Each structure stands twice: as C-alpha cells, then as structure tokens.
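>>> what follows is a predicted structure for the sequence shown.
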Amino acid sequence: MAPQSSHTVVFSDLDGTLLDKHKRLLPEIKEAVQHLKAQDISLIFCSSKTRSEQELILAELDLEEPIIVENGSGIFIPHTYFNFEYAYQDTTPKFKVIELGVPSVVIRTIVSQAQQDADCFLKSFYSESPDFIGAVTGLSDEAALRANVRDYSEVIVTNGHTPEHFMNFEQELHSQGLCMVRNTHYSSVIGIFSDEGRAVQLLGDLLRKKHGNILSVGIADCLDDYDMLAAVDLPFLVKDFSGNHAPISLEGLIKVEGKGPNGWLEAIQQLPVKMFA
C-alpha cells in the first residue's frame, strides 16, 4: 500500500470501461467523477481514442487533465498543468504534447506503399466518408468525424483479405517501424514505440515531480490494455459487455464482477480513499 500522503491517479480506459456500449457516459459515472474531483484524485484517460474524441469527454466531465491518446502514441498535457519545465515535442492551443508515436501523415504514406508492395489493398478511414466509418464502428456521423481526426495513427478495415497477402502487408509495415493493434473488423496502424505502458510511466514520473508520492491506479477491460495495467500500482480489470474477463494474467490484478462502467464504479469503490459520504 502506498503511503497515506500519496496522491491518487486513476488511469482509465474509455470504450468498454468508462463508457457504456453506446459510447455514452452514464449519470452514475458523471456523479462518481465529481466525487473523484472532490477528493483531489486525478482521472487521466488512456485509450485508443483520438485527442478530438477525448477532449469532448473531458468537457462533458468538466475535467482539465492530461490525456493519453491513440494507444499510447501521444501524451497531451494542459499548458499550465505542471509548474516546471519538462521535455515535449509539439504544442496545440490547449496542450503541450509528448510524442511517442509516428505522425499520421507519415503513417498514411507508408500504408499506401505497403499495400502496393504486398498486393493487399485495404480501405482506410482517412479516405472514407463518415457514413462508412459509422457502418464499421457504430458511431454517429459527428462521432465518426472526431474518430478520424488522427495525430499518430491510421485505421484500416482488415477483414475480407487473404491471410498470405495480409501477412505480407503487416511485414511491410513492421519493416518501416509500424505495427497494428487489431479489432474485430478494423485495425489501428501505429508506430512500434507507441505504448500505453510507457506513456503511463512517463506521465507518472511528471506527476511524482508535482505531487511527491503517487498511487497509480488502472481500470480497463481488454487485452490491448495490458501494458497500461502492468505500469500501475493498483490494476483493475472489468468484465466486457458479454460478461467475461479478458485473458490477462498480471500480479496484483483485481478482477471486478461488473461489466463496463458498472465495473468501473465497482473498482473506484475499492480505492484506499473515502469516496462517498
């Protein structure tokens, strides 16, 4: 157990964890986040979602916290969040940016060439309409537009292709410093050094400089979140919406019974702080 004076930081996945199956924030989640704020507990998103998508959720929850985007490809930190100097590679009007990934414009060029070299032609979200993206992901047109504003990744539809051609395509990507994070019908192409665990560790070091001791907590639902959960002091795994736990074996992992956001609420009730009166 961390010292009593530790500042608690919750790193949270979004899809299937903080958000329900319709990508919404439940009223109970909003109330719980306000309790976290009242206890001075930092809630930091760590997700495959883009900066644009995460900014919308930050606004809905009235949070001003760093975010880890696109599978650990970038850490976006509000300009005045830390009162000391630290290394960063880019800025936006709202954030200083620590870049771990490869810029999307570079990824798109490599993906295009790799498709030609492997004779494996795939649909890319960047070149498709919101209607197409919505049909693949279940997102509304507005949400699809936000999902397509990518800084360090590209999404390709990966079903319907021969295993041999697809394997050649994947090898071409890897030879150029890229890899794929797979979903059922599509995959995110990211840099091989994009890593949620590394992002959590880097941001954790900055938070320790700000607060002294910290207790880092992770809450997630799927195998893709392994690196994030492995990087925290207190990892929680919620059930997916089918009622199963992801096949994650990790020392100290706490498996809660709730699905999605109900599991998230169950996890924060187990934090070593007084959450509710």
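Everything's here; your move.

>>> switch to C-alpha atoms for all contacts and neighbour counts from now on
OK.

>>> tell me which stretches of the stretch 1-150 of the chain form helices.
Counting by DSSP state H, counting those that start in this stretch, the segments of the stretch 1-150 of the chain that form helices are 27-38, 51-60, 104-118, 130-137, 141-147.

>>> export those to TSV and tack on mean neighbour count?
Listed next are the helices of the stretch 1-150 of the chain as TSV, based on neighbours: other CA atoms under 10 Å:
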stretch	mean neighbour count
helix 27-38	15
helix 51-60	16
helix 104-118	16
helix 130-137	17
helix 141-147	19
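
>>> so who does Phe132 touch?
Contact analysis of Phe132 by CA atoms under 8 Å, 6 or more residues apart in numbering lists nothing.

>>> switch the cut-off to 10 Å
The contact partners of Phe132, taken as CA atoms under 10 Å, 6 or more residues apart in numbering, are Lys123, Phe125, Gly138, Leu139, Asp141, Ala144.

>>> tell me the contacts of the second one?
So the one you mean is Phe125. By CA under 10 Å, 6+ apart, the contact list for Phe125 reads 132-133, 136, 144-145, 147-150, 154-157, 186, 188.

>>> one more pass at 6 Å, please.
With contacts defined as CA atoms under 6 Å, 6 or more residues apart in numbering, Phe125 is in contact with Val155.

>>> wait, isn't Arg146 in contact with Arg51?
No - the criterion here is CA atoms under 6 Å, and Arg146 misses it with Arg51 at 8.4 Å.

>>> give me the distance between the residue positioned nearest the centre of the chain and Lys96.
The C-alpha lying nearest the average C-alpha coordinate of the chain belongs to Ser47 (CA atoms, centre = their mean; 0.9 Å). When distance is defined by CA to CA, to the nearest Å, Ser47 is 18 Å away from Lys96.

>>> neighbours of Trp264, just the number please.
Trp264 sits with 28 neighbouring residues when counted by other CA atoms under 10 Å.

>>> sorry, slip of the keys, the one I care about is Asp119.
Counted with other CA under 10 Å, the burial measure for Asp119 works out to 13 neighbours.

>>> next one: Pro163
Close neighbours of Pro163, defined as other CA under 10 Å, add up to 11.

>>> which residues does it contact?
Applying CA under 6 Å, 6+ apart, no residues contact Pro163.

>>> again, 10 Å this time
Pro163 sits next to Cys120, Phe169 when contact means CA under 10 Å, 6+ apart.

>>> what's the distance between it and Ala118?
As defined by CA to CA, Pro163 lies at a distance of 11 Å from Ala118.

>>> what do the two both touch?
Phe169.

>>> wait, doesn't Gly263 sit right on Leu237?
Yes - under the criterion of CA atoms under 10 Å, Gly263 makes contact with Leu237 at 8.1 Å.

>>> between these two, what contacts are shared?
The overlap between the contact sets of Gly263 and Leu237 (CA under 10 Å, 6+ apart) consists of Thr17, Ile219, Ala220, Asp221, Lys255, Val256, Glu257.

>>> can you tell me which of those are in strands?
Residues of those located in strands (DSSP state E): Ile219, Ala220, Lys255, Val256, Glu257.

>>> thought the first one was touching Trp264?
Right, Ile219. Yes - under the criterion of CA under 10 Å, Ile219 makes contact with Trp264 at 6.8 Å.

>>> which residues do the two both contact?
The contact lists of Ile219 and Trp264 share Ser12, Asp13, Thr17, Leu18, Phe236, Leu237, Val238, where a contact means CA under 10 Å, 6+ apart.

>>> next up, the contacts around the second one.
Shown in contact with Asp13 (CA under 10 Å, 6+ apart): 19, 44-49, 68, 218-222, 225, 228-229, 264.

>>> fine, thanks again, bye for now.
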